[in-house]
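K.L.:
predicted coordinates and the sequence they were generated for:
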Amino acid sequence: MLLSRTELKKLEPNIEARAGLLSPSSGIFDSHTLLKFLHSQAREKGAEFVFGTEVIGIERAGAKYRVQIKDRDGISALVAHVVVNCAGLNSDKIAQLAGIDIAKAGYKLHYCKGEYFSLNSKYRNLVSRLIYPTPEQVGHGIHWRQALDGRVLLGPSAHYVEAIDYEVDETYKQAFYNSAKRFLPLVELEDLAPESSGIRPKLQGPGEAFRDFVITHEEKAGFPGLINLIGIESPGLTASLAIARYVGRIMS
Ligand SMILES: Cc1cc2nc3c(=O)[nH]c(=O)nc-3n(C[C@H](O)[C@H](O)[C@H](O)COP(=O)(O)OP(=O)(O)OC[C@H]3O[C@@H](n4cnc5c(N)ncnc54)[C@H](O)[C@@H]3O)c2cc1C
């Protein structure tokens with residue numbers, strides 16, 4: 001629903017904007033609780049989980065795949081009819097291990113880091129909705145969120161990096177402040193503190209046009225039973241159940 005500045009001010013007096021777009025059904029959920037729930041549901045249905053285990057090789061074994069794994073007991077292997085590669089930041093490397101030419105397939109991933117800064121407790125309940133500024137070219141802009149535990153967060157930023165490193169760089173503080181100040185004039189620089197970060201697996205490199213998730217059964221490439229999920233960035237979590245249903249359909 002399109003809101004004029006006056007309508008927006010009635011809903012969120014502390015937010016400054018020329019206009020707004022109200023999405024009454026948008027919200028947040030606790031990802032850890034969701035994952036714990038899915039974990040217990042899957043176990044009840046007979047799924048087995050082997051945490052702390054790294055896939056280090058995949059080779060064809062007739063109509064099946066021999067997946068080589070490494071854990072604290074050493075290296076072993078399992079044989080599977082179907083392999084679903086959903087290894088996030090490593091999904092391009094896993095596809096390569098299975099024998100896919102990732103340069104030709106366009107699966108090479110680029111790392112795009114997103115940092116969060118928190119605001120101190122005086123900002124609690126100052127704003128009652130998620131606030132998204134208009135999207136930027138790489139990410140969807142530094143937005144405002146009050147987490148379910150009450151913490152007030154700004155982020156995520158979006159910038160390409162060469163290596164995986166989850167350190168939150170304090171030098172971004174000013175940029176976060178400038179960005180938040182545009183829609184929340186009350187914000188003060190000294191109230192921001194580094195919080196956390198994540199890294200997106202993007203299919204498009206810097207300056208390239210947007211590319212959607214790859215979710216594909218590699219039958220045509222000569223790999224029946226291999227399902228690749230590459231470049232699953234936001235909204236991959238929100239869409240996770242729909243993605244799982246889709247994968248279930250294409251693997252049968
Ligand atoms: C800053 C940021 C903000 C985001 N915000 C949102 C949001 O608001 N809403 C939303 O819907 N999504 C959001 N996302 C995206 C969301 O987090 C991802 O889409 C989602 O986590 C993808 O899930 P996945 O299972 O495909 O990959 P991942 O969650 O990355 O899981 C991949 C798994 O594979 C494992 N793995 C990797 N290599 C190997 C190997 N060799 N052997 C064995 N295991 C391996 C990893 O350890 C990991 O457990 C955000 C992401 C970032 C970085």
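P.N.:
Right, received. Where do you want to start?
K.L.:
now the strands for this structure?
P.N.:
Counting by DSSP state E, the chain has strands at residues 2-4, 19-21, 54-61, 64-71, 74-80, 83-85, 110-119, 143-146, 152-155, 159-161, 192-202, 214-217, 226-230.
K.L.:
what mean pLDDT does the last one get?
P.N.:
Going back to what we said before, that points to strand 226-230. Model confidence over strand 226-230, given as mean pLDDT, is 98.
K.L.:
check the third one too.
P.N.:
Averaged over strand 54-61, pLDDT sits at 97.
K.L.:
give me the sheet partners of that strand and which way each runs.
P.N.:
Here strand 54-61 is paired, per DSSP bridges, with strand 64-71 (antiparallel).
K.L.:
got the angle between the strand it pairs with and strand 74-80?
P.N.:
150 degrees (axes from the mean of the first three to the mean of the last three CA atoms, to 10 degrees).
K.L.:
now do the buried residues in strand 64-71.
P.N.:
Of the residues in strand 64-71, Tyr65, Val67 count as buried by neighbour count, 16 or more other CB atoms under 10 Å. C-beta here means a position set from N, CA and C on the backbone, and glycine is covered the same way.
K.L.:
stretch 105-125 too?
P.N.:
In terms of neighbour count (16+ other CB under 10 Å), stretch 105-125 has its buried residues at 105, 107, 109-119, 123.
K.L.:
looking at those residues, spot the one nearest the ligand.
P.N.:
The ligand has its nearest neighbour among these in Gly114, at 3.0 Å by CB to the nearest ligand atom.
K.L.:
where's that closest one relative to Ile250, distance?
P.N.:
29 Å (CB to CB, to the nearest Å).
K.L.:
is it possible to get TSV of the buried residues of stretch 105-125 that adds pLDDT and distance to the ligand?
P.N.:
Conversion of these to TSV gives the following (pLDDT from 0 to 100; distance: CB to the nearest ligand atom, whole Å):
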residue	pLDDT	distance to the ligand
Ala105	97	18
Tyr107	98	14
Leu109	98	11
His110	98	13
Tyr111	98	10
Cys112	96	8
Lys113	96	8
Gly114	95	3
Glu115	96	8
Tyr116	97	7
Phe117	97	12
Ser118	97	14
Leu119	97	17
Tyr123	95	20
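K.L.:
of the residues you listed, closest to Ile232?
P.N.:
Nearest to Ile232 out of the buried residues of stretch 105-125 is Leu109 (CB to CB; 10.2 Å).
K.L.:
get me the contact residues on the stretch 151-252 of the chain for the ligand.
P.N.:
Pro156, Gly198, Ile199, Arg200, Leu229, Ile232, Glu233, Ser234, Pro235, Gly236, Leu237, Thr238 (CB under 6 Å from any ligand atom).
K.L.:
apply 8 Å and report the result again.
P.N.:
By the rule CB under 8 Å from any ligand atom, the part of the stretch 151-252 of the chain lying against the ligand is 155-156, 197-201, 229, 232-240, 243.
K.L.:
hmm, which of these are the buried ones?
P.N.:
Gly155, Pro156, Ser197, Ile199, Arg200, Pro201, Leu229, Ile232, Glu233, Gly236, Ser240, Ile243.
K.L.:
farthest-apart pair in these, please.
P.N.:
With CB to CB as the measure, no two of those lie farther apart than Gly155 and Leu229, at 24.8 Å.
K.L.:
per-residue confidence for the residue of the stretch 51-200 of the chain found nearest the ligand?
P.N.:
Closest approach between the stretch 51-200 of the chain and the ligand, counting by CB to the nearest ligand atom: Gly88, at 2.2 Å. On pLDDT, Gly88 comes in at 98.
K.L.:
re earlier: out of the strands of the chain, flag the one nearest Gln174.
P.N.:
Nearest of the strands of the chain to Gln174, taken as CB to CB: strand 192-202 at 9.1 Å.
K.L.:
noted, bye for now.
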